[in-house]
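Sequence first, then the predicted structure:
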2 protein chains.
Amino acid sequence: MIQALRIGIAGLGTVGSAVLRLFDEKAKTLALRCGRPLKIVAVSAKNLKRKRGIAINSYKWYDDPLKLASSEEIDVFVELMGGEQGIAYLSVERALKTGHHVVTANKALLAHQGIALAKLAESKGLLLNFEAAVAGGIPIIKLLRESFSSNRISRVYSILNGTCNYILTRMRDQGLSFEQCLKEAQNLGYAEADPTLDIEGNDTAHKLALLTSLAFGTVIMLDDIYIKGIRNISLEDIRAADELGYRIKLLGVTIKSDTGIEQRVQPTMVPTSSMIAQVNGVTNAIAIESDLIGKLFLSGAGAGGNPTASAILSDITDIAIFSQITAQNIPVFGRPTNILKPYKKSAISPNSTGYFIRCSVDDCTDLFSFIAQELAKNHISLKTIIQKSLSDNKSKPKQTILLITHQTSEFAIYKAFNTLMQNGTIVNKPQIIRIESPV
Amino acid sequence: MIQALRIGIAGLGTVGSAVLRLFDEKAKTLALRCGRPLKIVAVSAKNLKRKRGIAINSYKWYDDPLKLASSEEIDVFVELMGGEQGIAYLSVERALKTGHHVVTANKALLAHQGIALAKLAESKGLLLNFEAAVAGGIPIIKLLRESFSSNRISRVYSILNGTCNYILTRMRDQGLSFEQCLKEAQNLGYAEADPTLDIEGNDTAHKLALLTSLAFGTVIMLDDIYIKGIRNISLEDIRAADELGYRIKLLGVTIKSDTGIEQRVQPTMVPTSSMIAQVNGVTNAIAIESDLIGKLFLSGAGAGGNPTASAILSDITDIAIFSQITAQNIPVFGRPTNILKPYKKSAISPNSTGYFIRCSVDDCTDLFSFIAQELAKNHISLKTIIQKSLSDNKSKPKQTILLITHQTSEFAIYKAFNTLMQNGTIVNKPQIIRIESPV
């Protein structure tokens, strides 16, 4: 039999511990499937003594992940420490320089340093696999890298952050506030103590940046992503969306057109009848449009110990098989780095499906005509208008106006509503949410 | 640069022609992606002169696919002729014996001869890829073979026949009869002149048999699939389903339990809110349940020239990369054939989500109590009862009764309704449709 593939793991949090546990359970199956034994030989983590519910004394212990990364006892270095810089970066770099294949679940690291690390892997003839970095249990990296080789992809719509999708789902289903749902997500272990990366959209952006590179064959360009989180989505928005036949989702969208690439992460209204609208709770989803396959839709577990560990194990299995290849490699981002195209940014395109706007006006009948005039001036036409009285203050009655526009640009919308705010027609800052019609 | 991968294609129908056309368009991209040129060198088809909208005179022509299969000028033999026996089988066998990798879209061939051919490929260290054989543009073969390596899969629900799904969708959306929709599907080129394989469920069964082997690591067992087509689904059933909050789909289901494997293809009612209920027209879908990933759902184009050609191109690309491997191979059915488990059949399990029954009775008030008694005798309890008068014949009024049961077995249902038919309580053969609750 071929020599065992020797694995070192750095980082033993939820995911690292799950990988250890599953290796114990599944080592035999995995060996049979890839015709070669797989063996975890060494581990590294911050704290040797921490309770993990799993014995680690059969593995060689390293206090310093850099030493593990450069150890001659391993063939594959599995980086599960996280963080976009520092020790995660240094140890992955060290492992590749030493000649080890790498598996990582670290989207922040790859979104920032992915191409540099891919170049390094390539120059050494090594594999750098990261299935677990995007959408956990959905094997989207393999699909984009291998199954779409002949396709020209035009768009990717995605729900990539389980915490945000959980919060938006609970707000709608239970009528709870954003803050209540966030607390719930934290109690359930979905959201970190500091949930900023999740709810401000940065975690989605990291993942989207990787999908963009794989989908369009370009270098990674995290800085060009327009990012807006879900913090200012109110229960009122969710209810209005419901009433109008939409759901609000934090979508990561990347689109390639003749003018370049458009990447954005923002709360988006999608028709209730669309598949992506049915994606609830911590589930993730990805919809891809391409010239040959047409539309492909995937949904599944985006995070959690087991789904993420499953992705890591499939990366390791691939290495066990593919590392026999000497003449030829699987390019990290689907193409060799020297043919990755430069990234050409496109302006945010006019939206063919319009915008939702919620704003408040004083209870004065002619105010609506002011709004209509201002919108007409900016060539914005309306599809739906709903006016509602708010009875919370009878001495100074207010009305909420819900609007859905036809196709227009974000620029025109903001221009019109800035004017309406400045001249006092509308009372508060309006809520403006883009509408999309994905699969 | 590495030597070009030389390809021979047998069969130039819709799919074969699409592969030729796309190769012309995409050869450069594909070569860059896999670091190696790909070249179609020879083709074979029944009729050299047939109009295909594409020039074939730059390829060497073979009248006999067997000669192409054994030609020393090719590295990969692509079988697109179809048919479970005969020339398709003989030429794939010949190609493998000669030492050529094989790509095929032929589900019937593999459902019957898959394991024998896999053994042959294995013994020669060759790849036998068949992404295009199941669900066209959905890369389900690669996912099951490579991404789920560590997962224990428990169930697969699927919509694998576009023609049937198109017919059921049109019946519901347009209120047309089965026959009208079938004619439409034939006019649009979805269904063959002889649509038997599609509408009787055999095409779905061929594909399901392959998924079962990949999902559960067993040999293929086509003969153990319970198969029921959609021919006897009436507009009345579709409307009743709608009213009760369900859609009718031709589902291919495979389930592994402690007692064995259960495979069935039958019209099934699924809740309107489930993802699989939203799969309309010729679209295919697959929902997988496993221990680690949980639930994964995929939907996309199941047939057509471009999606199928895309799958074939990804199989060829994989060969261009993986054929460098000498010591080790990707097993055709996910595991080497010598560790594929024997197939253990399970009885059709009691259904936790019940059955839909539509039957007709004469307009006599006490008849329903007879039905209720007979059902109770067989331990079948009811969730929903709807009684409707039919006014088409006033002299002899009839009533339709729609029932939804709680959990029970198919056996109990048929026993009760056989008795009710024999004693004349119900007038015609009842329509009995299983209900499932997939993703």
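Done, it's in.

residues in contact with the nearest residue to A:A10 once chain neighbours are set aside?
In this structure, A:A10 finds its nearest non-sequential neighbour in A:P65, 3.9 Å apart by Cβ to Cβ, 6 or more residues apart in numbering or on different chains. Bear in mind the C-beta positions are built from the backbone N, C-alpha and C, glycine included. Contacts for A:P65 (Cβ atoms under 8 Å, 6 or more residues apart in numbering or on different chains) come out as A:A10, A:G11, A:S44, A:E79, A:M81, A:I87, A:S91.

Equivalent analysis for A:I293, please.
A:F148, A:N151, B:G137, B:G300, B:A301, B:N306, B:P307, B:S310 are the contacts of A:I293 under Cβ under 8 Å, 6+ apart.

Out of those, which is nearest to A:S213?
Closest to A:S213 out of the contacts of A:I293 is A:F148 (13.0 Å), distances taken as Cβ to Cβ.

Count the neighbours of the closest one for me.
Neighbour count of A:F148, defined by other Cβ atoms under 10 Å in any protein chain shown: 25.

so it makes contact with B:A311?
No - with contact defined as Cβ atoms under 8 Å, A:F148 does not count as touching B:A311 (10.4 Å).

Show me the helices in chain A, by range?
For chain A, the helices defined by DSSP state H occupy A:14-34, A:65-69, A:86-98, A:107-124, A:140-142, A:162-174, A:178-187, A:196-199, A:202-216, A:235-244, A:305-322, A:367-377, A:410-422.

contacting residues for A:C359?
A:I371, A:T400, A:I401, A:L403, A:F417, A:L420, A:I426, A:V427, A:N428, A:P430, A:Q431.

and the spatially closest residue to it that is not a sequence neighbour, backbone torsions?
Once flanking residues are discounted, A:C359 sits nearest to A:P430: 3.8 Å by Cβ to Cβ, 6+ apart. Dihedral pair for A:P430: phi -70, psi 150, per degrees, to the nearest 10.

mind putting the helices of chain A in TSV, mean pLDDT and distance to A:V270 included?
Converted to TSV, the helices of chain A look like this (pLDDT from 0 to 100; distance: least, Cβ to Cβ, whole Å):
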stretch	mean pLDDT	distance to A:V270
helix A:14-34	91	30
helix A:65-69	98	41
helix A:86-98	97	34
helix A:107-124	95	24
helix A:140-142	97	19
helix A:162-174	97	11
helix A:178-187	94	19
helix A:196-199	94	19
helix A:202-216	97	15
helix A:235-244	94	9
helix A:305-322	93	24
helix A:367-377	88	23
helix A:410-422	92	17
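
and those helices as TSV, adding distance to B:D318?
Shown next, in TSV, are these (distance: least, Cβ to Cβ, whole Å):
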stretch	distance to B:D318
helix A:14-34	16
helix A:65-69	30
helix A:86-98	24
helix A:107-124	19
helix A:140-142	11
helix A:162-174	31
helix A:178-187	40
helix A:196-199	36
helix A:202-216	17
helix A:235-244	43
helix A:305-322	11
helix A:367-377	53
helix A:410-422	42
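
Figure out which of those helices is closest to B:D203.
B:D203 lies closest, by Cβ to Cβ, to one member of the helices of chain A: helix A:140-142, at 27.2 Å.

Show me what that closest one is packed against.
Helices and strands touching helix A:140-142, as assessed by 3 or more Cβ pairs under 8 Å, 6 or more residues apart in numbering or on different chains; DSSP states H and E, comprise helix A:202-216.

so how far is the helix it packs on off the chain centroid?
Offset of helix A:202-216 from its chain centre (Cα atoms, centre = their mean, to the nearest Å): 7 Å.

what's the burial count for A:Q174?
A:Q174 has 11 neighbouring residues, counting by other Cβ under 10 Å.

From A:I233, how far off is the closest residue in space to it that isn't next to it in sequence?
In space, not counting the residues next to it along the chain, A:Q174 is nearest to A:C181; the distance is 7.8 Å by Cβ to Cβ, 6+ apart. The gap separating A:C181 from A:I233 is 10 Å, by Cβ to Cβ, to the nearest Å.

any shared contact partners between the two?
Taking Cβ under 8 Å, 6+ apart as the contact rule, A:C181 and A:I233 both touch A:M171.

between those two, which one's more packed in?
Higher neighbour count among A:C181 and A:I233: A:C181, with 24 against 21, using other Cβ under 10 Å.

The more buried one contacts A:R170, correct?
Yes - assessed by Cβ under 8 Å, A:C181 is found in contact with A:R170 at 4.3 Å.

The spatially closest residue to A:K26 that is not a sequence neighbour: what's it in contact with?
Closest residue in space to A:K26, ignoring its immediate chain neighbours: B:S150 at 5.1 Å, by Cβ to Cβ, 6+ apart. Going by Cβ under 8 Å, 6+ apart, B:S150 touches A:L22, A:K26, A:T29, A:L30, A:A309, A:S310, A:L313, A:S314, A:T317, B:L292.

can you tell me how far B:S150 sits from B:I435?
B:S150 is 32 Å from B:I435, by Cβ to Cβ.

Which residues of the stretch 51-200 of chain A lie near chain B?
Neighbours of chain B within the stretch 51-200 of chain A, by Cβ under 8 Å from any Cβ of the partner chain: A:E131, A:G137, A:I138, A:P139, A:K142, A:L143, A:E146, A:S147, A:F148, A:S149, A:S150, A:N151.

for the stretch 251-400 of chain A, that is, sorry about that
Applying Cβ under 8 Å from any Cβ, one finds that the stretch 251-400 of chain A approaches chain B through A:273, A:275, A:278, A:291-301, A:306-307, A:309-311, A:313-314, A:317-318, A:321-322, A:324-331, A:334-336, A:339.

Got a quick ChimeraX command for the buried subset of the residues you listed?
Command for ChimeraX that selects the buried part of those, burial taken from 16 or more other Cβ atoms under 10 Å in any protein chain shown:
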select /A:275,278,292,293,294,295,296,297,298,299,300,301,306,307,309,310,311,313,314,317,318,321,322,324,325,328,329,330,331,334,335,336
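
Just give the nearest non-adjacent residue to A:K415, would you?
A:N378 (5.7 Å).

Is it possible to get JSON lines of the contacts of B:S150 that adds distance to B:V439?
Converted to JSON lines, these look like this (distance: Cβ to Cβ, whole Å):
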{"residue": "A:L22", "distance to B:V439": "23"}
{"residue": "A:K26", "distance to B:V439": "24"}
{"residue": "A:T29", "distance to B:V439": "25"}
{"residue": "A:L30", "distance to B:V439": "26"}
{"residue": "A:A309", "distance to B:V439": "21"}
{"residue": "A:S310", "distance to B:V439": "17"}
{"residue": "A:L313", "distance to B:V439": "23"}
{"residue": "A:S314", "distance to B:V439": "21"}
{"residue": "A:T317", "distance to B:V439": "25"}
{"residue": "B:L292", "distance to B:V439": "16"}
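
how about those residues, which pair is most distant?
Comparing every pair within those by Cβ to Cβ identifies A:T29 and A:A309 as the most remote, at 14.1 Å.

Any stretches of the stretch 201-350 of chain A with poor pLDDT?
The stretch 201-350 of chain A contains residues with pLDDT under 70 at A:324-329, A:350.

all strands of it, in order?
A:226-227, A:246-257, A:260-271, A:283-290, A:294-301 (DSSP state E, counting those that start in this stretch).

Dump those strands into a markdown table; add distance to A:W61 as well.
Shown next, in a markdown table, are these (distance: least, Cβ to Cβ, whole Å):
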| stretch | distance to A:W61 |
| --- | --- |
| strand A:226-227 | 40 |
| strand A:246-257 | 38 |
| strand A:260-271 | 39 |
| strand A:283-290 | 34 |
| strand A:294-301 | 31 |
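
Of those, which is nearest A:E72?
Among those, the nearest to A:E72 by Cβ to Cβ is strand A:294-301 (36.3 Å).
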